[in-house]
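[1] would you be able to build a 3D model of this:
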Amino acid sequence: MTFTAIDFEIATAFHPCSVGIVTVENGIVVDEFVTLIQPPNNQYNPFTIQVHGIYPSDTARAQNFLQVFPEIQKRLQNRVVVAHNESFDRNVLAKSMAYYGLNYTDLNIADKWECTVKIYKAKGVKPTKLSDCCKVMNISLNHHEALSDARACAQLYLMR
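    Sure, this is the predicted structure:
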């Protein structure tokens, strides 16, 4: 089992304010990465702040997506990528890359990623929110903290 699990927290529609990435080689976590990301103009939707608790003051001095992208790229390029509700995280990545003029196809990753929501839905878990799946599988979670969410996703994928 070799893959990379990723989770984004967003400030607005698709602009991330945090990313967590967990790299797994042969079933063993070999790398973890987390960072705050300053969204354009450091703007936030009040609803997203309520979800994850990240404020503009937290990202006022953070790097923007373009500056963080090399760290993301080296962990995702040519890899199997896993996310919980993969279409959300995939769209955040693809739209952020497009916003900064980066070509998504250069990552050489699948058009659709592995999705732990779909996997656990097929196993009969309901509902399939990350927190619910983690409760069923006895995985600790600090929900909506990007690295904790990515770790949980990686564990869910390993346990599938």
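[2] could you check the pLDDT of the residue located most distally from the centre of the chain?
    Taking C-alpha atoms, centre = their mean, the residue of the chain most remote from its mean C-alpha position is Gly124, at 23.6 Å. You'll see Gly124 listed with a pLDDT of 96.
[3] for it, which three-state class applies?
    coil (DSSP: H, G, I helix; E, B strand; the rest coil).
[4] any idea how far Gln155 is from it?
    Going from Gly124 to Gln155 by C-beta to C-beta, to the nearest Å gives 19 Å. Bear in mind the C-beta positions are built from the backbone N, C-alpha and C, glycine included.
[5] about what we covered before: and the residue farthest from the centre of the chain, its phi and psi?
    Backbone torsions of Gly124, given as degrees, to the nearest 10, read phi 90, psi 10.
[6] quick one: it from Cys133, how far?
    Counting by C-beta to C-beta, the gap from Gly124 to Cys133 is 11 Å.
[7] could you pull out the strands for this protein?
    In the chain, the segments counted as strands under DSSP state E are 3-10, 16-25, 28-36, 81-83, 114-115.
[8] for those, give me TSV that also has mean neighbour count and distance to Thr48.
    Formatted as TSV, the strands of the chain follow (neighbours: other C-beta atoms under 10 Å; distance: least, C-beta to C-beta, whole Å):
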stretch	mean neighbour count	distance to Thr48
strand 3-10	25	6
strand 16-25	23	8
strand 28-36	15	13
strand 81-83	25	18
strand 114-115	20	22
